[in-house]
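In: Provided below are the primary sequence and the corresponding predicted coordinates.
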Amino acid sequence: MAASNRSFGLFFFSLFFVVIIPTLHAHIAEFDDYWRQLEAEAKEHFNKAYNPNPEEVTQHFNHHVARTLMGFNSTRRSLRGKRRTGPCQATNPIDQCWRCDPNWYRNRKRLADCALGFGRGTIGGKNGRYYIVTDPSDNDMVNPKPGTLRHAVIQKRPLWIIFARTMIIKLNQELIMTSDKTIDARGANVHVAYGAGITIQFARNIIIHGLHIHDIVQGSGGMIRDSVDHYGFRTKSDGDGVSLFGATNVWLDHLSMYNCYDGLIDAIQGSTAITISNCHFTNHNEVMLFGASDSYSEDQKMQITVAFTHFGKGLVQRMPRCRWGFIHVVNNDYTHWLMYAIGGSSRPTIISQGNRFVAPPNAAAKEVTKRDYAPPEVWKNWSWRSEGDLMVNGAFFTQSGNPRASRRFAGNFMMSAKPGQMVSLLTRYSGSLDCVRGRPC
């Protein structure tokens with residue numbers, strides 16, 4: 001009987017080991033020398049990208065917002081009710097960096113100088129050639145056809161990827177990106193939809209701009225090429241719209257996203273130096289997850305900015321849900337949630353500045369914040385601060401930690417974070433833009 005129990009125990013342990021390894025390595029069934037090298041490089045870049053003084057980043061961001069809004073004080077009344085018609089109005093500092101240039105098509109790479117927040121300095125494929133996606137198909141996972149998006153993202157050199165025309169790209173399996181890439185959908189109506197999502201694993205310096213990403217499903221797994229000189233077996237993908245795993249220096253901007261099988265955007269397992277800006281999210285349950293495990297304490301160095309984003313109709317929770325790390329949630333418009341807006345566990349630092357929170361009619365869901373897996377005597381020491389947020393329809397933010405902490409992140413007296421009353425202006429052009437060649441975008 002004892003021998004039988006030991007055999008069962010060994011079998012159970014072996015089964016557990018087989019199951020857990022792909023989970024830890026995010027669907028890499030065989031963790032070979034190629035992936036070990038990428039992981040080692042990713043850890044090195046993770047430590048380099050971490051900023052030990054995050055207040056410098058938040059102050060820099062708030063300073064640029066304040067400077068931009070100074071130019072709109074006299075024109076705000078004329079902007080009311082306008083969205084994508086009339087003269088070009090770049091209403092936040094990221095957009096002001098590039099949007100109103102009528103020659104944006106020729107000057108596409110100017111976008112690479114425009115990131116703010118923790119993803120500042122992300123230049124994507126600025127130093128590479130243009131790659132034009134001409135074929136929306138995704139039929140061969142091991143030998144992708146030239147002209148397809150999958151063929152573009154596996155190249156090992158910097159590339160600025162654009163699209164020849166409007167297209168719907170149904171990915172048969174997760175799209176695994178290599179470093180130093182920009183996916184720039186301006187000038188075409190490009191949907192990544194009805195198939196698998198985008199994976200940024202052990203990669204760095206990536207910009208994704210202007211895509212519609214929706215109706216994403218799990219990939220079944222199989223042999224998938226992840227670079228021009230390597231392919232391997234992948235297990236089933238989670239069904240995230242965009243999945244970051246050990247990724248650094250990533251900027252996701254002007255994305256329209258909804259209805260993915262798992263999260264819209266997940267950033268986990270040693271990902272940092274990330275900015276998510278100008279996005280529009282709708283019709284989804286678990287919107288964003290930052291840090292996947294309460295046990296992975298290395299994510300203390302995770303630093304993410306979420307800015308100028310509209311959290312719209314049909315959203316339920318996780319906007320974001322954070323474990324560990326430092327999250328700057330600034331000048332976003334939360335017009336819908338069903339459970340809560342911002343949640344977390346494992347003592348993340350969350351600095352909420354100048355957001356508008358419109359609570360749902362449900363009296364039990366008025367609270368913006370949700371702490372998981374910790375009693376009040378524990379989470380009372382977590383730094384969750386609200387500064388300049390506009391609370392509407394009974395919304396309230398339960399703060400914790402040092403009441404004076406947020407002052408370090410606001411900027412100087414003249415350039416503090418702009419209040420939630422300004423959000424409708426700052427987020428006016430969230431989501432994918434309708435850019436036409438020869439006109440300001």
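Out: Arrived safely.
In: Grab the nearest non-local neighbour of A395.
Out: A359 (3.7 Å; C-beta to C-beta, 6 or more residues apart in numbering). Any C-beta I mention is one placed from the backbone N, CA and C, and that applies to glycine too.
In: contacting residues around the one you found?
Out: By C-beta atoms under 8 Å, 6 or more residues apart in numbering, A359 lies in contact with 337, 365-366, 368, 391-396.
In: Whichever of these end up buried, select them in ChimeraX.
Out: Selection of buried members from these for ChimeraX, criterion 16 or more other C-beta atoms under 10 Å:
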select :337,365,366,368,391,395
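In: Out of the contacts of A359, list just those in helices.
Out: Among these, DSSP state H puts none in helices.
In: Inside strands: which ones of the contacts of A359?
Out: 391-392 (DSSP state E).
In: Need the per-residue pLDDT for the residue nearest to A395.
Out: You'll see A359 listed with a pLDDT of 98.
In: Kindly provide the distance from it to A203.
Out: 38 Å (C-beta to C-beta, to the nearest Å).
In: This structure: helices as residue ranges?
Out: 2-24, 33-49, 54-70, 76-79, 93-96, 149-153, 376-379, 407-410, 423-426.
In: got any ranges where this structure has weak pLDDT?
Out: For the chain, the stretches with pLDDT under 70 are 1-24, 71-86, 405-407, 410-416.
In: just checking, R204 touches L244?
Out: No: using C-beta atoms under 8 Å, R204 is not in contact with L244; the gap is 10.4 Å.
In: ok, of the contacts of A359, which one's closest to E44?
Out: V368 (36.8 Å; C-beta to C-beta).
In: what's near enough to touch that closest one?
Out: 334, 340-342, 352, 357, 359, 386, 391, 395-398.
In: cool, and A188?
Out: 162-167.
In: Repeat the analysis, applying 10 Å as the threshold.
Out: A188 is in contact with 133, 162-167, 210-211, 435, 437, counting by C-beta atoms under 10 Å, 6 or more residues apart in numbering.
In: Could you measure from it over to R437?
Out: Distance from A188 to R437, by C-beta to C-beta: 10 Å.
In: now P136
Out: Counting by C-beta to C-beta, the gap from P136 to R437 is 20 Å.
In: And those two? Which one has more around it.
Out: Between P136 and R437, counted using other C-beta atoms under 10 Å, the more crowded position is P136 (19 against 13).
In: The nearest residue to that one once chain neighbours are set aside: neighbour count?
Out: Once flanking residues are discounted, P136 sits nearest to M167: 4.0 Å by C-beta to C-beta, 6+ apart. Number of residues near M167 (other C-beta under 10 Å) recorded here: 18.
In: what's the answer for G128, then?
Out: 17.
In: okay but it is in contact with K109, surely?
Out: Yes: contact criterion C-beta atoms under 10 Å: G128 and K109 qualify, at 9.5 Å.
In: shared neighbours of those two, which are they?
Out: Contacts common to G128 and K109, judged by C-beta under 10 Å, 6+ apart, are 160, 182.
In: which of R204 and L244 has more neighbours?
Out: L244 (28 against 22).
In: Tabulate the CA atom coordinates of stretch 176-185 in CSV.
Out: Output of stretch 176-185 as CSV, limited to C-alpha atoms (Å, rounded to 0.1, in the frame of the first residue of the first chain):
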residue,chain,number,x,y,z
ILE,A,176,4.7,35.9,-31.6
MET,A,177,6.6,39.2,-32.1
THR,A,178,10.4,39.8,-32.1
SER,A,179,12.0,42.9,-30.7
ASP,A,180,12.3,46.4,-32.4
LYS,A,181,9.0,46.4,-34.2
THR,A,182,6.3,49.0,-34.9
ILE,A,183,2.9,47.8,-36.1
ASP,A,184,1.3,51.0,-37.5
ALA,A,185,-2.2,50.7,-38.8
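In: Quick one: the strands in the stretch 101-250 of the chain, in order.
Out: 129-133, 159-163, 167-169, 175-176, 181-184, 190-193, 198-201, 204-209, 212-216, 222-227, 230-234, 242-245, 248-253 (DSSP state E, counting those that start in this stretch).
In: so how far is stretch 217-229 from its chain's centroid?
Out: Between the centre of stretch 217-229 and the centre of its chain there are 22 Å (C-alpha atoms, centre = their mean, to the nearest Å).
In: May I see the buried residues of it?
Out: So for stretch 217-229, counting by 16+ other C-beta under 10 Å, buried means 217-219, 221, 224-227.
In: Look at that stretch and report the distance between its end residues.
Out: End-to-end distance of stretch 217-229 (C-alpha to C-alpha, to the nearest Å): 27 Å.
In: Same check on stretch 335-343?
Out: 17 Å.
In: Over to stretch 269-285?
Out: 22 Å.
In: Out of the contacts of A359, which comes closest to I304?
Out: V368 (17.8 Å).
In: does the spatially most central residue of the chain have beta-bridge partners, and which?
Out: In the chain, the residue lying closest to the centroid (C-alpha atoms, centre = their mean) is I276, at 4.5 Å. The residues listed as beta-bridge partners of I276 by DSSP bridges are L252, V306.
In: who touches it in this structure?
Out: Applying C-beta under 10 Å, 6+ apart to I276 gives the contacts 117-119, 242, 250-253, 255, 264-265, 267, 288, 290, 304-309, 320, 329, 332.
In: Would you check how far apart it and K145 are?
Out: From I276 to K145 the distance is 31 Å (C-beta to C-beta).
In: how about A26, what does it touch?
Out: Contacts of A26 (C-beta under 10 Å, 6+ apart): 35, 174, 199, 201-202, 234-235, 237-238, 243-246, 266, 268-269, 292.
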